[in-house]
Each structure stands twice: as C-alpha cells, then as structure tokens.
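[1] next input, structure requested:
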Amino acid sequence: MTASIQEMNYGSIGQYVSVPVRISGGFGALTTSTLLKDNGDVFIWKQGTAHFIGLTALCRTADTGATKPVIGVKNNGGNSVLSTNITVTAADTVYTSGIAIETSNGTYNNVALNDLLEIEVTTAGTNGNALDLIAYFNFILE
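    Next up, the predicted model:
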C-alpha cells in the first residue's frame with residue numbers, strides 16, 4: 001500500500017517549533033552523513049512526538065568553486081527526512097527546503113522523544129571552503 005500526503009493542517013502557531021543548529025568553521029568539503037558529530041556536536045529531540053517539516057539554512061562564507069554544498073537531515077542515522085535538500089549557494093542568503101516532507105520511507109517525518117537528528121552533506125563543494133553553517137530544524141508538534 002502506498003500513500004501520499006494531500007494536505008497538512010498546521011494547527012495553532014504554538015505547534016510550530018524551529019530550532020537553530022550551528023556548525024562553526026568549515027563544512028561541505030566532503031560528503032558526510034554525520035556533520036554535527038564530525039564537529040563534536042549532537043542534536044537530540046527533547047520534546048514530544050513531532051513531524052520534521054523542513055530545513056532553513058545559510059552560511060557566512062560560500063564555497064568559491066562551481067559546485068556548492070548540498071545539505072539535508074537524517075533521523076537516527078537512517079533515511080533522509082527531507083524530500084528536497086538545500087544547495088547553499090551564496091553567503092548570507094537564506095535557503096529553505098519549504099515544506100519538504102519525505103514520504104517514501106513510510107514514517108512521514110515522525111520525530112519522537114530522544115531521536116537523534118543529523119545534518120548530512122550529500123554533495124561536497126568544489127573547493128571545500130564554505131564556512132559557518134547556520135541551520136534551523138522546523139517541526140510541527142503533534
């Protein structure tokens with residue numbers, strides 16, 4: 001059986017949560033599924049059941065090469081929770097995945113108490129000199 005989301009009702013503004021995550025220094029020089037861990041950090045969800053609905057990000061210094069880093073988010077080391085990853089092209093520019101709910105893995109972006117979320121770099125930048133990633137994990141609480 002397959003299904004697709006036809007509609008999402010957000011409920012009250014109090015159900016929306018956006019959590020900042022920062023990577024100081026370089027990112028995007030190599031592909032990795034553990035960017036936070038690689039930089040000595042973790043993100044553990046400490047609220048109730050929620051749905052990861054999107055990613056917002058910017059960097060302070062962009063990669064100067066032709067190919068720019070592409071980032072996404074994984075849950076508990078498994079599948080990506082985004083249907084659309086973000087290409088971080090220019091410095092100090094906000095990029096968003098929009099509402100990017102990944103439905104192919106059957107979990108519809110469910111996030112539970114103590115789930116470990118991780119930033120992944122799916123495409124490395126050509127010169128590997130992008131710096132200082134600021135990302136926001138965006139959730140809707142159940």
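
[2] which parts of the protein are helices?
    Remark: helices assigned in the chain by DSSP state H are 35-38.

[3] how about the strands in it?
    Counting by DSSP state E, the chain has these strands, from start to end: 16-26, 43-44, 50-61, 70-75, 86-87, 95-96, 110-111, 116-123, 131-141.

[4] so what strands line up beside the second one?
    Sheet pairing of strand 43-44 (DSSP bridges) gives strand 116-123 (antiparallel).

[5] buried residues, the strand it pairs with. List them.
    In terms of neighbour count (16 or more other CB atoms under 10 Å), strand 116-123 has its buried residues at L116, L117, E118, I119, E120, V121, T122. C-beta here means a position set from N, CA and C on the backbone, and glycine is covered the same way.

[6] go on, stretch 82-96?
    Counting neighbours by 16+ other CB under 10 Å, one finds that the buried residues in stretch 82-96 are L82, S83, T84, N85, I86, V88, Y95.

[7] can you pick out the most distant pair from those?
    S83 and V88 (17.8 Å; CB to CB).

[8] quick one: low-confidence residue ranges for this structure.
    1-13, 102-108 (pLDDT under 70).

[9] which residue packs closest to Y95, ignoring adjacent ones?
    Nearest residue to Y95, sequence neighbours excluded (CB to CB, 6 or more residues apart in numbering): I86, at 4.7 Å.

[10] nope, K68 is what I meant
    Distances taken as CB to CB, 6+ apart place T89 nearest to K68, at 4.9 Å, with adjacent residues excluded.

[11] let me see the contact set for the one you found.
    By CB atoms under 8 Å, 6 or more residues apart in numbering, the contact list for T89 reads A62, K68, Y95.

[12] quick one: it from T34, how far?
    Taking CB to CB, to the nearest Å as the measure, T89 falls 23 Å from T34.

[13] list the contacts of the most centrally placed residue in the chain.
    What sits nearest the mean C-alpha location of the chain, by CA atoms, centre = their mean, is V73, with 3.7 Å. V73 is in contact with F52, L55, S80, V81, L82, L117, E118, I119, E120, F137, counting by CB under 8 Å, 6+ apart.
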